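Visitor: Got a predicted model here, sequence first, then my questions.
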Amino acid sequence: MSVSGIAVALLQVALTIAVAPVLVGLMRKIRARLEGRIGPPISQPWRDLRKLLGKQRLVSANTGWVFSLAPLVLIASAALVAAIVPFLSTRSALDQVGDLFAVVYLLLLGTVFLSLAGLDAGTAFGGMGASRAMTITAIAEPTVLVAIFALSVSSGSSNLGAIVSSTLANPSTAASPQSLLAFAALAVVTIAETGRLPVDNPSAHLELTMIHEAMILEYSGPDLALLELAAHLRLVVFLGLLANLFVPWGIATTVQPLHLLGAAAAVLVKITVLAAIIAVVEVFIAKLRLFRVPELLAASFVLAFLAVTVSFFLA
Amino acid sequence: MRLPRKIIRTGRVTEPAPVDAGPRPALPPAADRLRGSLQIRQVDAGSCNGCEAEFAAAFGPVYDAERFGVRLVASPRHADALVVTGPVTKNMAGPLVNTFEATPGPKLVIALGDCARDCGVFAGGYGVAGSVADIVPVDIEIPGCPPTPEAIIVALRRIVDP
Amino acid sequence: MQAGLVALSGVCVALALAPTVLAEPLERATTVVSGIADGAPITTDGVYLQLSGIQAGLSPLLLATGLAVMMIAALAVVRRSRVRRTTRGIPAWGCGRTVQTARMEYTATSFAEPLQRVFDDVLHPEIDVDVDHHTESRHYVQAIRYRLHTRDAFEHRLYLPLLAVARRWGDGARRIQNGSIHRYLAYSLFTLIIVLLVSR
């Protein structure tokens, strides 16, 4: 574990935290423009976060320690994943600390704690959101595992740095059938796990249709700021993971500052393009009924399963 | 392909921000901390839904209150301001107080419409508990029956963009 | 019962944080069994775990440390920027519902209900809803009872049939050996004759 490697990891965390709210602001802006509105400024999520940090923190009498711990766990897990995933350099210090399985389960740890927090206050809508989130997660997780398995088989490693390096060494694998199938499967899971349309509506105001929002109805002030920032971070982390696993070009293979700067620009462009695609597509689709969501996730599981099968036959 | 074509043909429908011509009342001190970002929880305390229609129009594409950093939220825990409409009925007096207490400070209460300010035509009705100010402390009043979306935008902009 | 749970979960947490202590015993176990030993399955330097077959590494201890550091950093940021104090002990926000009792909470059944509905082709849950109406008018409901019973699919489709087959074998075996010494002598005689005939 070198000093420069740790510096890269910290740089990744700082970059992700700085970019995540702006990216969400950009997605809202794109949506507003397509709806014929002007929309809030791109920096609006940052303003909201700053204001929330200065607000009063309300803790209801029914809640326990899970309620106070959940925002911290959620933000810490998202930030740790931002440090591990090779956004800037394949020579990240934390590459040997956690592989793709560790990354996925760190993100799942956040999901589980958010659900526990939704249940903790004992309100009807919190429980409803938690129950729905766990239903979706329970169906999405097998897809993630199988898709990761397909990626690990073709590169002979489950370490993110190794997968990225192997794609860089053999560019043709990026367009191989197993890679494309795994990408499609993980893209569906990303949309489900980050609470975007058609699985969950990020701008829902009606409690009955909410999933993510229903779990955080009880939070206020700084806790809410942490939860919102964590949700933005998770979106960036998922998009960055998708981008760099399947289209790794632009990532630095050294830790020289100039290369890192280029890598940062490359990964920002990739994430912005993915986010813009999601924002545009969201204008054209409606939220799925809750019990149609498993069909979508089952389709993604089939894609992931095909990816594994193909990777064994073509290996 | 009909939707993309419609999006391109329609373009932007938002009108320029309405001009703030009237005298500016002094803002409560809590408004200082809400500059640039205001989350609103709307409470219908017994309104005829006229104010709701205009309030919803203020957040539609034509008036687009969101461009000033104002957003509607689903829980008073997330809110900075409560927009209360209608004369407060006896059934809604308790829930209104509960909502006020569930909102974290610094917070504002905005009485929207004539009924919220002084019970309007419902003054003295057997089911009316009083105006909003009789139940919770009101910081800002928006007159009108119902207030136009322009008036609502002007009042909200005085908070977020003074 | 709780002591047992705590002890087991303690062992789980300890193993999760320091799985490296098991690397050496595992290696010795695999060398004892001949045929499967192809070198050490896990190499470790105390902090990192490295699988030897494929290129994969992990350090649960560092992951946990990283998580703790990030949590402390987040807490520090929130504590520094907190202008207003925390208010505790207020009633929970029930979206307008003022009475908040334990009966409002999600139970285990209701929590798992969506998932069970997704998999109802496999689980075959039995659901009964009884609605009692007031005698004056059928428009008013007096009481609703909801009962849900899910039979364990594995138990009913796999284990119970297997047990039934085993029992039938047992019953057959019991009939041919009923404890009579004469019968056993007869079996021995017949077996001897068959063996003699076959080996001739």
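Guide: That came through, no problem.
Visitor: per-residue pLDDT, A:V308?
Guide: For A:V308, the pLDDT comes out at 89.
Visitor: All the strands of chain B, in order from the start?
Guide: B:38-44, B:70-72, B:81-85, B:88-89, B:108-112, B:128-130, B:140-142 (DSSP state E).
Visitor: Mean confidence (pLDDT) on the fourth one, please.
Guide: Averaged across strand B:88-89, pLDDT comes to 94.
Visitor: Kindly report the domain assignment for chain C.
Guide: C:2-76, C:108-174 (automatic domain parsing).
Visitor: Now do the first one: distance to the chain's middle.
Guide: Right, domain C:2-76. In terms of Cα atoms, centre = their mean, to the nearest Å, the centre of domain C:2-76 is set 21 Å apart from its chain centre.
Visitor: what does stretch B:25-45 give?
Guide: Per Cα atoms, centre = their mean, the centroid offset for stretch B:25-45 relative to its chain is 9 Å.
Visitor: Ok, stretch C:140-155 next?
Guide: 23 Å.
Visitor: ok and the residue in chain C nearest chain A?
Guide: Nearest residue of chain C to chain A, counting by Cβ to the nearest Cβ: C:Y106, 3.1 Å away. Where you see a C-beta, it was placed from the backbone N, CA and C, and this is true even at glycine.
Visitor: Which positions in chain B make contact with chain C?
Guide: B:75-77, B:94-95, B:98-99, B:101-102, B:104-106 (Cβ under 8 Å from any Cβ of the partner chain).
Visitor: If we use 7 Å, what do you get?
Guide: Counting by Cβ under 7 Å from any Cβ of the partner chain, chain B comes close to chain C at B:75-77, B:94-95, B:98, B:101-102, B:105.
Visitor: Neighbour-wise, give me the winner out of these.
Guide: B:P76 (26 neighbours; other Cβ atoms under 10 Å in any protein chain shown).
Visitor: my guess is that one meets B:P104, correct?
Guide: No: contact criterion Cβ atoms under 7 Å: B:P76 and B:P104 do not qualify, at 8.4 Å.
Visitor: quick revisit: need the residues of chain B next to chain C in a markdown table with distance to A:R234, can you?
Guide: Shown next, in a markdown table, are the residues of chain B next to chain C (distance: Cβ to Cβ, whole Å):
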| residue | distance to A:R234 |
| --- | --- |
| B:S75 | 21 |
| B:P76 | 26 |
| B:R77 | 21 |
| B:G94 | 38 |
| B:P95 | 34 |
| B:N98 | 33 |
| B:E101 | 32 |
| B:A102 | 27 |
| B:G105 | 29 |
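Visitor: now the helices for chain B?
Guide: B:2-10, B:50-58, B:90-101, B:114-118, B:132-135, B:149-160 (DSSP state H).
Visitor: list the buried ones in the shortest one?
Guide: This means helix B:132-135. B:132-133, B:135 (16 or more other Cβ atoms under 10 Å in any protein chain shown).
Visitor: Including distance to A:A174, could these go into JSON lines?
Guide: Below are those laid out as JSON lines (distance: Cβ to Cβ, whole Å):
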{"residue": "B:V132", "distance to A:A174": "61"}
{"residue": "B:A133", "distance to A:A174": "65"}
{"residue": "B:I135", "distance to A:A174": "63"}
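Visitor: Return the member of those residues nearest to A:L49.
Guide: B:V132 (30.3 Å; Cβ to Cβ).
Visitor: And the pLDDT for the closest one?
Guide: At B:V132, pLDDT is 93.
Visitor: My guess is it contacts B:T85. True?
Guide: No: at 8.6 Å, B:V132 does not count as touching B:T85 under the criterion of Cβ under 7 Å.
Visitor: overlap in contacts of these two?
Guide: B:45, B:116 (Cβ atoms under 7 Å, 6 or more residues apart in numbering or on different chains).
Visitor: re the thing from before, can you tell me which of the domains of chain C is most buried?
Guide: domain C:2-76 (a mean of 14; mean count of other Cβ atoms under 10 Å in any protein chain shown).
Visitor: Quick one: mean pLDDT over it.
Guide: For domain C:2-76, the mean per-residue pLDDT is 80.
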